[in-house]
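Structure for this input, please:
(one chain, ligands or ions: 1)
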Amino acid sequence: MCGIIGYIGPKNSVPFLIEGLKKLEYRGYDSAGLAVIEKGKVRRVRAVGKVAELERAAGQINPKGSCGLGHTRWATHGKPSEENSHPHTDCSGEIVVVHNGIIENFLKLKEHLQKLGHTFRSETDTETIAHLIEENLKHISAKTEEERFLSAVSRANAKLHGAFAYAVMWSKTPKQIIAVKHQSPLVVGLGKEANFLASDVPAFLKYTNRVLFLEDKQTVVLRSDGIELFDEKNHSIKPKITKISWDQKTAEKGGYAHFMLKEIYDQPQALEDTLRTVRNDFFRILKSKSEDLRKIKNIHLVACGTAYHAALIGKYYLENFAGVMVSVDLASEFKYRTVAPSKNTLCIAISQSGETADTLGALKKAKELGFKRWGICNVVGASLTRLCDHVFYTHCGPEISVASTKAFTSQLISLYALAILLGQACGHIHQSQFKKYYKELMTLPKALAETLKVENEIKSLSRKAYLANRFIFLGRNVNFPIALEGALKLKEISYASAEGFAAGEIKHGPISIIDKGTPVIVLMPADSLFDKMLSACQECRARGAFVVAITTPEGKEAAASVTDKQIIIPQMSAFLQPMLNIIPLQFFAYWVAKRLGRDIDQPRNLAKSVTVE
Ligand code: F6R
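Purely as a prediction, here's the structure:
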């Protein structure tokens, strides 16, 4: 996820670009850049770090131009560096591109363009677009340079695969910006005397609330006095203008009251993005390692907090699909305990930020022990990536809210994918089984989108429960860590006391804390352990608990006989079900905290990334 902004109008574009980028910083913040066309020449400024760094750099060289593009980056291809920051140019430096998303076939295109003599200066997929357009221009003649440029862009689009949105300027056509949308967001703002382009409305909402949300495969040409919209076949179409009624603050969160809620709703798209990485990168990396993979005898998973809960579920995946012995440690514990030396051992560290000090410490220890090291991480170029032999990126976009939601489900997908790929490489599962598991995995975003419909029911459930001083979550097998995660989510943002237990354990002690009215939320999809979960419900209800079942359609009737409330979500196979089961618990934490008036995105005493021990 990155942020794009464009301005074309009578004034200097730079202040508008900087202002817009600041509003888009939530989409990515590892580097930023802008370019304008000044007296027929492109002037470009780029800086590593936040938009404030770019502002400082731009202040020093003072570019001015009434047509400009800006970008704030969240690295996907190539580490955060000035060379990899957008905008990118072609060989001549006359064509400038900013881009959000992933060009899946960029390596092939890059190779082809290099053979034709193009010189690349970055590791990004984005730069390919600029060179492709440059190459096309060589073979196109038209009445005007504007027309020539537009057809060069349209020919480039026909060659690009993936999910992307990009905007491009050419110094020879300083009175237009061309932009394209395909599966990544892009919106046009129509002002009185200037027009804007951005990944999201807040970037220009101060200047106009008249917007055009581009549809996939559409191309738009922006001029200061108007816009022209084209479909995939280059037919001119009538733009459908919408009036936005959000205020600035609401707009930054995509209309949601908090980033946490936005990020819960981001999950179907985030999972699509992770799955795209699974298809492209995981296969490639693991294919090149299949010899080594077959030798792996033990796996240590290390992580903290929510990522640790993902690791706990990862153990079930890896032992089931790959047949390898797996141990799971809190990174802060792994660092200081005696870990038996062993051969052919792999340590996998899981971290959203890639900067958690405890996790980095665990990786350093794994290195000292001679273990191979892999990472599952969301931030390209983070410290964790430098301590690992291989990194599998979740690519679920920046997570702003302190309470982790979409990173968790993306980590689960990554672990599931690694487990089935490893299982196949080690011969633990057959090709036909692999195909079946893989196919079902690809259906997950749709099922998750369906699961999000429970929000209203959870909202009213929270009205009944939010004043309780203790909450209990129960699960078994892969849903036991989901119970732990449900409790963590609730305690970190509502400050209530919440605990997760393996349902079979409550009779060994925890049941004594259940009394009249204690909310007990039970994860009980209709699977092989369903009957055991029914017994756990009965045990809690007998002590006066208010029991809520999170179950699937088949379990509804039986659950109704032993629980006070049933929340029905879609059914998937047992190992994919946790990714759906967590959704009602994320909503529950959100709504309890909201009713209690807590600071949801920045709960007390917590930080998004814990870089100290
Ligand atoms: C909980 C949460 C924390 C993090 C933990 C690890 O919602 O966000 O528990 O999961 O601090 O952070 P990363 O994944 O960045 O290593």
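
Closest residue of this protein to the ligand?
residue 305 (1.9 Å; Cβ to the nearest ligand atom). Bear in mind the C-beta positions are built from the backbone N, C-alpha and C, glycine included.

Now do the phi/psi pair for that residue.
For residue 305, the backbone dihedrals (degrees, to the nearest 10) come out as phi 60, psi -130.

Please list all residues in contact with it.
404, 488 (Cβ atoms under 8 Å, 6 or more residues apart in numbering).

The same query, at a cut-off of 7 Å, please.
Going by Cβ atoms under 7 Å, 6 or more residues apart in numbering, residue 305 touches residue 488.

Quick check: pLDDT value at it.
The score at residue 305 is 97. That number is its pLDDT.

before we move on, what about residue 252?
pLDDT, residue 252: 73.

Excluding chain neighbours, what is closest to it?
residue 202 (4.5 Å; Cβ to Cβ, 6 or more residues apart in numbering).

Assumed that neighbour was part of a helix.
Yes: Residue 202: assigned to a helix according to DSSP: H, G, I helix; E, B strand; the rest coil.

gap between it and residue 264?
Residue 202 sits 20 Å away from residue 264, going by Cβ to Cβ, to the nearest Å.

now residue 379
20 Å.

likewise residue 589?
10 Å.

ok, the two, which is more surrounded?
residue 589 (31 against 23; other Cβ atoms under 10 Å).

from memory the more buried one sits against residue 487, does it?
No: applying Cβ atoms under 7 Å, one finds residue 589 not in contact with residue 487, separated by 9.0 Å.

Using the three-state scheme, assign the closest residue to residue 43 other than its chain neighbours.
Excluding the flanking residues, the one nearest residue 43 by Cβ to Cβ, 6+ apart is residue 63, at 4.0 Å. Here residue 63 takes the coil state, with states given by three-state DSSP.

Surely residue 63 touches residue 39?
No: applying Cβ under 7 Å as the test, residue 63 and residue 39 come out as separate, 10.7 Å apart.

which one of the two has more residues nearby?
A side-by-side neighbour count of residue 63 and residue 39, using other Cβ under 10 Å, places residue 63 first with 19 against 9.

What does the pLDDT read for that one?
Note on residue 63: pLDDT of 96.

wait, what's in contact with it?
14, 36, 38, 43, 45.

Now, these that are in helices?
residue 14 (DSSP state H).

how about the contacts of residue 63, which pair is most distant?
Maximum pairwise distance in the contacts of residue 63, criterion Cβ to Cβ, is 11.5 Å, between 38 and 45.

Looking at those two, which has the bigger crowd around it?
Neighbour totals were compared for residue 38 and residue 45, and residue 45 leads with 25 against 20 (other Cβ under 10 Å).

The ligand contacts on the stretch 201-350 of the chain?
Residues of the stretch 201-350 of the chain lying close to the ligand by Cβ under 6 Å from any ligand atom are 304, 305, 306, 307.

what's the closest of the residues you listed to residue 285?
So of those, ranked by how close each gets to residue 285 (Cβ to Cβ), first place is residue 307, at 20.1 Å.

now the strands: where do they sit in the stretch 401-550 of the chain?
470-475, 497-502, 519-523, 546-551 (DSSP state E, counting those that start in this stretch).
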